[in-house]
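# need a 3D model of the sequence below.
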Amino acid sequence: MVEPELPLLRSRLAPTPSGHLHLGNAFNFLLTWVLVRSRGGHLLLRVDDLDAPRAKPEFLDSLFLDLEWLGLDWDSGPEGPEDVRKTWSQQHRRDHYESALTQLRQQGDLFACICSRKQIQALSNDGRYPGTCRNRDLDFSTPETAWRLRMPDSAPVLVHDWPDSEHLADAASAGDLVLHRRDGIPAYQIASLVDDVNPGINLIVRGEDLRESSVVQLHLAQRLKADSFLQIRFLHHSLLTRPDGIKLSKSKEDTTLKSMRESGTGASVVYKMFARWRNWSATSDFQQVADWLAGFCTHDPFGKNL
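All right, here's what the predicted structure looks like:
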């Protein structure tokens with residue numbers, strides 16, 4: 001009996017050049033990389049630079065230096081900063097995002113909203129949008145207008161968890177999220193969904209703080225009839241936190257890969273921290289991971305001491 005051939009595992013690294021990468025980013029990349037490489041899959045590098053006001057050239061340059069320092073490789077995507085700007089920037093795919101938004105508008109899944117963040121905070125006890133403009137039928141072309149998802153009272157989705165389990169979730173709890181910002185920039189939920197569908201991604205590795213985003217994107221995929229996204233498997237991992245329990249953040253300038261790299265710290269330090277985070281011991285699973293990394297990287301990131 002011939003065993004059925006499993007589909008090629010396809011995942012992505014999706015850094016955002018809005019700040020210097022930190023250890024939390026490195027751990028996410030390493031986990032994604034190990035899963036894909038250990039299964040002979042395909043890894044895409046995608047730079048999420050749609051938010052042009054926050055994406056800075058110095059962060060983009062540093063991003064590639066960090067990936068080189070970590071010793072990670074990828075199978076498709078930009079080779080460097082200039083390649084991003086010329087070919088791979090999300091700015092070149094704006095028409096794809098707008099097309100998805102147009103489809104949602106035509107289906108009645110969006111509504112225009114003129115509420116400011118300050119107004120929402122004044123009207124909402126929990127910070128969520130209270131539905132002020134939901135039934136006002138405002139013109140989408142009005143300046144300084146956001147486009148919000150008209151979330152139904154119930155929006156059940158099936159989440160496929162890595163490696164082989166699943167559970168039901170309800171996207172309705174996320175509320176009427178913004179999918180097109182007041183400054184004209186498509187929101188993360190729609191851009192990331194489109195960018196995962198087009199190259200056939202079937203594994204997404206994310207922090208557990210993005211569980212709600214995953215559920216919302218599955219609901220959007222249903223509305224857009226993006227059936228391939230509905231089959232994606234998700235791995236939502238725990239987050240790295242500071243001693244006060246707050247997750248690491250670019251905005252708070254937590255320990256950056258740039259600072260470690262420029263201080264002469266070797267990538268082996270990051271790998272050992274990564275192994276402890278995943279509860280791998282240096283004599284069992286971690287040794288196998290070390291062999292994988294050393295074999296695929298352009299240099300041995302571990303040196304002689306594990």
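
# for the residue nearest to residue 209 when sequence neighbours are not counted, which three-state class applies?
Take residue 209 and drop its neighbours on the chain: the residue closest to it by CB to CB, 6 or more residues apart in numbering is residue 239, 6.1 Å away. The way it works is simple: take the backbone N, C-alpha and C, and place the C-beta from them, glycine included. State at residue 239, reduced to three classes by DSSP: H, G, I helix; E, B strand; the rest coil: coil.

# next, count neighbours for residue 239.
Applying other CB atoms under 10 Å, we find 16 residues neighbouring residue 239.

# please apply the same query to residue 38.
Counted with other CB under 10 Å, residue 38 comes out at 13.

# report how many residues lie close to residue 145.
Count around residue 145 with other CB under 10 Å applied: 19.

# check residue 153 too.
6.

# now do the contacts for residue 203.
9-11, 32, 35-36, 41, 162, 232-235 (CB atoms under 8 Å, 6 or more residues apart in numbering).

# ok, of the residues you listed, which one's closest to residue 274?
residue 32 (11.7 Å; CB to CB).

# so the closest one sits against residue 11, correct?
Yes. Because the distance of 5.4 Å satisfies CB atoms under 8 Å, residue 32 is recorded as touching residue 11.

# identify the contacts common to the two.
43, 203, 205.

# and the second one, its phi and psi?
Summarising the backbone geometry of residue 203 under the convention degrees, to the nearest 10, its torsions are phi -140, psi 130.

# so what's the closest residue to it other than its chain neighbours bridging to?
Among residues not flanking residue 203 along the chain, residue 11 sits closest, at 4.2 Å (CB to CB, 6+ apart). Assessed by DSSP bridges, residue 11 has beta-bridge partners residue 43.

# residues in contact with residue 11?
Residue 11 neighbours (CB under 8 Å, 6+ apart): 32, 35-36, 41-44, 201-205.
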